[in-house]
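Asks: Got a sequence here, can you model it:
(2 chains)
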Amino acid sequence: METPQLIFSIVLIVVIFLISLVVAMYSTYAERKVAAFFQDRIGPNRAGPWGILQPLADGGKMFLKEEIIPTNATGFLFIVGPSLAILTACIGSAVIPWGSAIQIGGHTFDLQVTDINVGILYIFGVVSLGVYGIMIGGWASNNKYSLLGAIRAASQNISYEISMGLSIIALLMLTGTLSLKEIAEQQHSWHWNVIRQPLGFLLFLVCAFAETNRSPFDLPECETELVGGYHTEYSSMKLGFYLFAEYINMFISSAVMATLYWGGYNYPGMDWVAAHTGPTVAPIIGVVVLFAKIFFSIFFFMWVRWTIPRFRYDQLMDLGWKILIPLAIANIVLTGVGSTLLTHFGY
Amino acid sequence: MITFYFIAFLSIFFSILVISAKNPVHSILYLILTFFTFTIHYILLNAQFLAIVNFIVYMGAILVLFLYTLMLINLNKDSEPVKPFMVKLAGVVGGGILAVAIASSLKLLGTSNPVLLQNPDLGLVKNLGKVLFDEFLLPFEVSSVLLLSAMVGAVLLATKEKEPKAA
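Replies: Next comes the predicted model:
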């Protein structure tokens, strides 16, 4: 790798990392404001103008709270749990293409940390690793409620990973590549995959909710049954890490959904914009468009959380195994038949 | 080459920890680390697809289920059955014989250079797919039928027999 590209990559990694953290931080604020809006309240408004410093105040509180490790907890694993949760949440962003190639001072740079040719599978690996943070933490707490939460998380994640994988297979049959960069490039202008894969997107969306443990799938931390679920025994910043990991996961899964189905950094009329603004500004507009999609998606996550009540556990399993998986398989068959017929008749 | 030896050392180290750990949950966690080192081995061999599939399937699914089961059955010292001395002795002898057999058969095979690759692109998804669905289509499909029958069998074993209706 040449030196400018190397420097650019390092800068990009740092910037993406910071953006993930800041977005996650302000998602907590946004969540409370959105919840307040849906429930006809005002929401946090004391720290700074419109309560905009609230996340900083929360963070400060988390750091300063007393750190408690229960006597009967498995000491080392008790700390490994939240660390693993936040680690897996952060490494997912490495393969997401944030924009098309950008030209700065005669050099062309990719706005993507690394383009491995199995990008989607990498995301899957990270997602499936995410459950270990919850499982280890829940088990190491040595508490019945934590253990139940951890076990729920494990079975839920495994169940929904299957339909998530199947919904992706239908998409891959159309794109013919596993690289996220190429998938983003294929959706030039308005050729977004969601037009060709509406059912696949719906399945992926439901599974993304389940994989991030967001309501209505937040059974692992169901407070009406399990006190606090897997993080019952946690306090201070270790609790903060668990809560924070959820918001980072939400950001990353929104970015993945935007890239796979909603065209990534592409938007209608991008050629006209590119011709009028040049090769430095146009990719930046693309990045802005991608972030607009991501923010809407995060808002959608919150919208659902404050609208739909939590599932019962057997309903959750029924939905995963008896509805989503058959639908995903039907989607694969339909996609296969459809694309064969279209090729046959020469489209 | 140094990377390979380092990772190979880690694999063996974690495998030993798997069998020597007292707590079964710790044992599974070491097994996860062992599989993670296998993933790195695959990447060193430029088999990206195999690496990531090993990562998803073994680390992400199968071992989660292992951990899940172990957490549920709550093993501790009291419930652990103490095996008689003869069984332990038989285990040691059997294991030793197996180790000798594997070592001798490996010696017959002739070792290949683990780092130098004959065809570096072999492990990429495109080539792997072409080989699987062209040259090895029949074995591939047969093994999928085998997996399906295993799954049906498991479901059959797990379903409760219908209770006869009360007269």
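
Asks: For A:Ser100, which three-state class applies?
Replies: strand (DSSP: H, G, I helix; E, B strand; the rest coil).

Asks: Report how many residues lie close to it.
Replies: For A:Ser100, the tally of surrounding residues (other Cβ atoms under 10 Å in any protein chain shown) stands at 22. Where C-beta positions appear, they are placed from N, C-alpha and C, glycine not excepted.

Asks: State the distance from the nearest residue to A:Ile134 once chain neighbours are set aside to A:Pro220.
Replies: Once flanking residues are discounted, A:Ile134 sits nearest to A:Ala153: 4.4 Å by Cβ to Cβ, 6 or more residues apart in numbering or on different chains. Separation of A:Ala153 from A:Pro220 (Cβ to Cβ, to the nearest Å): 4 Å.

Asks: what residue ranges in chain B score low on pLDDT?
Replies: Applying pLDDT under 70 to chain B flags residues B:74-81, B:110-123, B:161-167.

Asks: again, only this time at 80
Replies: B:1, B:22-24, B:45-48, B:60, B:70-84, B:107-128, B:160-167 (pLDDT under 80).

Asks: Overlap in contacts, A:Ala153 and A:Pro220.
Replies: Taking Cβ atoms under 8 Å, 6 or more residues apart in numbering or on different chains as the contact rule, A:Ala153 and A:Pro220 both touch A:Ile134, A:Gly138, A:Asn213, A:Gly229, A:Tyr230.

Asks: Redo those as CSV? Include distance to A:Ser20 and neighbour count.
Replies: Output for those, formatted as CSV (distance: Cβ to Cβ, whole Å; neighbours: other Cβ atoms under 10 Å in any protein chain shown):
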residue, distance to A:Ser20, neighbour count
A:Ile134, 19, 30
A:Gly138, 25, 31
A:Asn213, 18, 26
A:Gly229, 24, 24
A:Tyr230, 22, 31
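
Asks: These: which two are farthest apart?
Replies: Taking Cβ to Cβ, the two most distant members of the shared contacts of A:Ala153 and A:Pro220 are A:Gly138 and A:Asn213; they sit 12.1 Å apart.

Asks: Could you name every residue contacting both of the two?
Replies: By Cβ under 8 Å, 6+ apart, the residues touching both A:Gly138 and A:Asn213 are A:Ala153, A:Pro220.

Asks: Ranking helices and strands of chain A by mean pLDDT, which lands last?
Replies: Ranked by mean pLDDT, DSSP states H and E, the weakest helix or strand in chain A is helix A:223-226, scoring a mean of 72.

Asks: Contacts for that one, please.
Replies: A:Tyr145, A:Leu148, A:Gly149, A:Arg152, A:Pro220, A:Gly229, A:Thr232.

Asks: Just to be careful, could you list which of those are in strands?
Replies: Using DSSP state E, the subset of these located in strands is empty.

Asks: and the residue nearest in space to the middle of chain B, what are its phi and psi?
Replies: The residue lying closest to the centre of chain B (Cα atoms, centre = their mean) is B:Tyr58, at 7.1 Å. Backbone torsions of B:Tyr58, given as degrees, to the nearest 10, read phi -80, psi -50.

Asks: For the nearest residue to it once chain neighbours are set aside, which residues are in contact?
Replies: Nearest-residue entry for B:Tyr58: B:Phe35, 4.9 Å, with adjacent residues in sequence omitted and distances by Cβ to Cβ, 6+ apart. Contacts for B:Phe35 (Cβ under 8 Å, 6+ apart) come out as B:Asn54, B:Tyr58, B:Met59, B:Leu63.

Asks: Next: A:Phe311.
Replies: So A:Phe311 contacts A:Pro216, A:Phe217, A:Leu219, A:Leu319 (Cβ under 8 Å, 6+ apart).

Asks: Which residues of chain A lie near chain B?
Replies: Applying Cβ under 8 Å from any Cβ of the partner chain, we find that chain A lies next to chain B at A:77, A:116-118, A:121-122, A:124-125, A:127-129, A:131-132, A:135-136, A:139, A:147, A:150-151, A:154-155, A:157-158, A:161, A:178.

Asks: on that earlier part again, want to try CSV for the contacts of B:Phe35, with secondary structure as columns?
Replies: As requested, these are arranged in CSV below (three-state DSSP):
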residue, secondary structure
B:Asn54, helix
B:Tyr58, helix
B:Met59, helix
B:Leu63, helix
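
Asks: which of these tops the neighbour count?
Replies: B:Met59 (22 neighbours).

Asks: Please work out how many residues are found near residue 15.
Replies: Chain wasn't specified; assuming chain A. A:Val15 - counted by other Cβ under 10 Å - has 11 other residues nearby.

Asks: Correction: the question concerned chain B.
Replies: B:Ser15: 15 neighbours (other Cβ under 10 Å).

Asks: Distance of A:Leu12 relative to chain B?
Replies: According to Cβ to the nearest Cβ, to the nearest Å, A:Leu12 stands 22 Å off from chain B.

Asks: burial of that residue, as a residue count?
Replies: 16.

Asks: which bits of chain B sit near chain A?
Replies: So far as Cβ under 8 Å from any Cβ goes, chain B lies against chain A at B:25, B:29, B:32, B:48-49, B:52-53, B:55-56, B:59-61, B:64-65, B:67-68, B:71-72, B:124-125.

Asks: try 7 Å this time
Replies: B:25, B:48-49, B:52, B:55-56, B:59-61, B:64-65, B:67-68, B:71-72, B:124-125 (Cβ under 7 Å from any Cβ of the partner chain).

Asks: of the contacts of B:Phe35, closest to B:Phe133?
Replies: Set against B:Phe133, the nearest of the contacts of B:Phe35 by Cβ to Cβ is B:Asn54 (20.4 Å).

Asks: quick one: the helices in the chain?
Replies: Defaulting to chain A. Here chain A has its helices, by DSSP state H, at A:3-38, A:54-64, A:75-91, A:119-140, A:144-175, A:180-186, A:193-196, A:198-211, A:223-226, A:236-260, A:270-305, A:313-318, A:325-344.

Asks: Chain B is the one I meant
Replies: In chain B, the helices defined using DSSP H lie at B:2-20, B:24-44, B:48-53, B:63-73, B:85-109, B:125-130, B:137-158.

Asks: right, so those: which one is the most enclosed?
Replies: helix B:48-53 (a mean of 20; mean count of other Cβ atoms under 10 Å in any protein chain shown).
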